[in-house]
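J.: The amino acid sequence is not available; the structure is as follows:
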């Protein structure tokens, strides 16, 4: 009987279905916990899911490549989900046009601040130059950040981890920071979260309301463009 169970487990562990099933179960469990916890930011479903999957892979000895053979089906849906962010933005297009100048100024300030504070923290903590270059694009979505990191001489793999960490931290404490600063305008809140915490933050902003989510999605996209332009110039200016 034990031998049969072992054979079944070996088969399931190597099957792409395992990665897909584990991902869906981890997120559904994390989402249930978040609901039960009165939507506490410290029970962020993405954060809990990442921790659960990481613990599961470590405990079972399944390598990430095998897991991702199944999880890639969920990963594929990130593209359509990102494009779908245009829907709430289109619904708020008139409000956006009235706020266009403020949006552009805020976005520029946020993009430059995100780059400089990341590099400044790395320098203050004695990080190597390559690590500082890897830190610089941490506030944009992972595909853009990894490409920029490679362009400026950073480590794309380190940047990817920092991007996820930035998004999780932003989604957990972003609302509290904005509340503490008495930022009440939904447009400003969305713009701040999307600029600082990219996609994970935007998912949290959508839960806060359609206007907040729309402006967060816009900020996430435009910050990627702004960072792609500004980052190489700032890195060259500061690090040579």
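T.: Thanks, I have it. All of these numbers come straight from a predicted model, not from anything done at the bench. Residues are numbered from 1 along each chain as shown.
J.: C-alpha from now on. contacts and neighbour counts both.
T.: OK.
J.: mind listing the helices in this protein by residue range?
T.: Taking DSSP state H as the criterion, the chain contains helices spanning 2-13, 16-36, 45-60, 64-76, 78-84, 86-91, 93-98, 100-124, 129-135, 142-151, 156-180, 186-208, 210-239.
J.: These: lowest mean pLDDT?
T.: If these are sorted by mean pLDDT, helix 2-13 sits at the bottom with a mean of 48.
J.: if we can go back for a sec, deepest-packed of the helices of the chain, please.
T.: A comparison of these by mean neighbour count, using mean count of other CA atoms under 10 Å, puts helix 186-208 on top with a mean of 26.
J.: Show me what that helix is in contact with.
T.: Helix 186-208 has contacts (CA atoms under 8 Å, 6 or more residues apart in numbering) with 46, 103, 106-107, 110-111, 114, 139-141, 164, 166-171, 174, 178, 183, 211-220, 223.
J.: again, but for stretch 213-221
T.: 85-86, 88-89, 92, 96, 107, 140-141, 187-195, 197-199, 201-207.
J.: Using the record's assignment, carve the protein into domains.
T.: Domain ranges of the chain: 2-76, 84-239, per automatic domain parsing.
J.: what's the first-to-last distance across the longest one?
T.: Spelled out, it's domain 84-239. 38 Å (CA to CA, to the nearest Å).
J.: please begin residue numbering at 155 from this point
T.: Sounds good: first residue 155 from here, last item domain 238-393.
J.: Off-centre distance for that domain?
T.: 9 Å (CA atoms, centre = their mean, to the nearest Å).
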